[in-house]
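>>> When you get a sec, could you give me coordinates for this:
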Amino acid sequence: MAAFRFRLEKVLRVREIFEERAKNEWALQERLAREERLKLARLQEQAEDVKAFGYQQSDIETRQAMYSFLAVLERRIALQASRLAEQEQITLEAKEAWLVARQETEKVITLRKKQYASFVKEEQRKEQKVLDDMRSHGMRMHLLG
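Numbering: from 1, shown residues only. Below is the predicted model:
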């Protein structure tokens with residue numbers, strides 16, 4: 001049986017490299033988004049702690065300081081929520097790019113599988129023809145002999 005050679009092997013390798021790079025980029029962006037979520041959660045938790053502490057205080061100055069600090073925290077929370085939204089959009093775009101690269105790789109892999117199946121079928125056909133010729137030739141030799 002002859003060796004199978006896929007003519008687009010280099011194209012497949014390039015597509016696999018692009019897919020791997022896109023996957024790594026998506027993983028990086030996902031990690032950055034997770035970090036942004038943690039920052040937002042910490043800020044929100046800090047705001048809740050400040051509220052819990054401040055509402056227990058009866059001193060008006062302490063409460064005013066709490067309200068001022070809460071206003072600063074709320075601005076930081078809003079800014080962090082905006083950063084998170086931007087990062088999630090970047091992450092979504094990176095995931096979509098990876099999925100497109102994956103589909104492109106799959107197209108070439110599917111083509112390779114089809115060509116290999118065709119190759120195997122052709123090789124089997126050739127083998128069968130040789131066997132049939134041998135059988136036919138053997139029958140003639142048997143009849144002549």
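
>>> Output the lowest mean pLDDT helix or strand found in this protein.
helix 60-144 (a mean of 91; mean pLDDT, DSSP states H and E).

>>> Does it pack against any helices or strands, and if so which?
Identification of packing neighbours for helix 60-144 by 3 or more C-beta pairs under 8 Å, 6 or more residues apart in numbering; DSSP states H and E yields helix 9-55. Where C-beta positions appear, they are placed from N, C-alpha and C, glycine not excepted.

>>> quick one: the residue nearest in space to the middle of the chain and Thr91, what's the gap?
Nearest to the mean C-alpha position of the chain, counting by C-alpha atoms, centre = their mean, stands Lys23 at 4.4 Å. Going from Lys23 to Thr91 by C-beta to C-beta, to the nearest Å gives 13 Å.

>>> same question, Ala27
10 Å.

>>> Comparing the two, which shows the higher neighbour count?
Using other C-beta atoms under 10 Å as the criterion, Ala27 and Thr91 rank with Thr91 on top: 21 against 14.

>>> Setting aside sequence neighbours, what's the nearest residue to that one?
The shortest distance from Thr91 to any non-neighbouring residue, by C-beta to C-beta, 6 or more residues apart in numbering, is to Gln29 (4.1 Å).

>>> three-state assignment of Phe6?
The three-state label given to Phe6 by DSSP: H, G, I helix; E, B strand; the rest coil is coil.

>>> got the contact list for it?
Contact analysis of Phe6 by C-beta atoms under 8 Å, 6 or more residues apart in numbering lists 12, 112, 115-116.

>>> Can you tell me which of those residues is nearest Ala97?
Top of the list for closeness to Ala97, among the contacts of Phe6 and by C-beta to C-beta, is Leu12 at 18.8 Å.
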